[in-house]
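[1] A structural model of the following input is requested.
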Amino acid sequence: MECQEKVEVPVFVSVDKDLFSREICPLRKPAVLKGVPLGPCLHKWTVGYLAQKGGDREIKVHVSSVPQMSFLHKNFLYRTLPFDTFVQRAAEDEHTDFFINKNESYYLRSLGEDARKEPADLRKQFPELAQDFHIPSFFQPEQFFSSVFRISSPGLQLWTHYDVMDNLLAQVTGRKRVVLYSPQDALHLYLRGDKSEVLDIDYPDLEQFPEFVKACRYECVLEPGDLLFIPALWFHNTLALQFGVGVNVFWRHLPPTSYDQKDPYGNKDPLVATRALQTLERALNMLDELPPDYRDFYARRMVQRVQSRAYVS
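    Have a look, this model is predicted:
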């Protein structure tokens with residue numbers, strides 16, 4: 001494999017709201033934040049404590065026969081388990097009770113009460129655990145969108161994708177590797193919607209995805225207590241190096257009217273961007289009415305116009 005350029009994500013220590021607002025957020029680049037108070041979750045959230053507090057309420061989880069999950073290829077099942085049973089299974093390296101095989105991987109991404117309409121909120125879905133976790137006050141309360149509770153089996157790797165809101169990934173227990181790609185490298189990531197088709201980012205098939213090596217790879221390993229600032233539109237891929245528990249906090253950094261109000265996950269493109277992409281699709285369909293040489297000529301002119309608007313650092 002031809003090597004990608006690699007950049008270590010910068011680390012900031014003892015970050016408060018002023019430092020974040022003044023020196024970190026305006027750069028629009030990922031940053032690891034250390035020393036931010038997250039509350040008693042850091043020492044309380046053991047497997048036993050989580051199982052006891054979460055109890056036997058039923059939750060829907062991802063179950064995969066392989067640790068590398070792909071949303072595009074749907075190589076996982078959705079299954080329902082009591083929360084305490086799920087936590088215990090997710091922490092195991094090998095299972096005596098299982099759905100597919102003894103080495104299957106588990107993943108929880110918490111959902112709102114009505115998953116089709118309501119964003120996840122740790123305070124609503126897991127109030128007995130939410131009191132242990134202190135959301136960093138790096139944004140105004142009215143900007144809050146969701147707090148997503150995540151639990152991963154050791155070795156679990158999630159697909160590369162982007163979100164349209166800024167977010168903080170709080171790693172509470174376990175270590176996690178995160179690889180990120182800039183929005184400016186979008187053309188090298190073989191996108192289908194908000195997800196990359198390149199599933200194996202460490203050993204990609206370069207015959208199928210030759211442009212992928214041109215994407216600059218930003219990387220960090222999160223330790224318990226670390227926060228990772230992921231600016232909107234930055235692609236990210238996570239690998240749980242150990243059984244891990246974390247919380248993603250998303251907030252609206254654009255005016256509220258910019259977002260699709262029917263989006264409970266925070267990953268639908270802003271309304272203006274959606275309309276622009278739809279208009280482009282209609283324009284391309286109109287070109288199909290022309291002979292091939294004319295279609296090629298005017299398509300090239302359209303590409304030139306788009307390139308003239310693209311931001312280049």
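[2] can you give me the strands in the stretch 51-200 of the chain?
    In the stretch 51-200 of the chain, the strands defined using DSSP state E, counting those that start in this stretch lie at 58-64, 77-82, 105-109, 144-152, 157-161, 166-173, 176-181, 191-192, 195-196.
[3] What strands line up against the first one, and which way round?
    Okay, so that is strand 58-64. Under the criterion DSSP bridges, strand 58-64 sits next to strand 77-82 (antiparallel), strand 105-109 (antiparallel) in its sheet.
[4] Quick one: closest of the strands of the stretch 51-200 of the chain to Gln278.
    Minimum separation from Gln278 across these (CB to CB) falls at strand 191-192, 16.4 Å. The C-beta positions use only the backbone N, C-alpha and C, and glycine is treated the same way.
[5] Adjacent strands (with direction) for that closest one?
    When DSSP bridges is applied, strand 191-192 pairs with strand 195-196 (antiparallel).
[6] what sits up against the partner strand?
    Phe71, Leu72, Trp159, Thr160, His161, Leu189, Tyr190, Phe235 (CB atoms under 8 Å, 6 or more residues apart in numbering).
[7] Just the buried subset of these, written out for ChimeraX, thanks.
    Applying 16 or more other CB atoms under 10 Å to the contacts of strand 195-196, the buried members can be selected in ChimeraX as follows:
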select :71,159,160,161,189,190,235
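[8] Would you mind putting the contacts of strand 195-196 into a markdown table with distance to Lys117 and pLDDT alongside?
    Listed next are those as a markdown table, based on distance: CB to CB, whole Å; pLDDT from 0 to 100:
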| residue | distance to Lys117 | pLDDT |
| --- | --- | --- |
| Phe71 | 21 | 91 |
| Leu72 | 25 | 91 |
| Trp159 | 24 | 95 |
| Thr160 | 27 | 97 |
| His161 | 21 | 96 |
| Leu189 | 30 | 97 |
| Tyr190 | 32 | 96 |
| Phe235 | 27 | 98 |
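[9] will you turn the contacts of strand 195-196 into JSON lines that also has distance to Leu42?
    Converted to JSON lines, the contacts of strand 195-196 look like this (distance: CB to CB, whole Å):
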{"residue": "Phe71", "distance to Leu42": "30"}
{"residue": "Leu72", "distance to Leu42": "35"}
{"residue": "Trp159", "distance to Leu42": "28"}
{"residue": "Thr160", "distance to Leu42": "28"}
{"residue": "His161", "distance to Leu42": "27"}
{"residue": "Leu189", "distance to Leu42": "34"}
{"residue": "Tyr190", "distance to Leu42": "38"}
{"residue": "Phe235", "distance to Leu42": "28"}
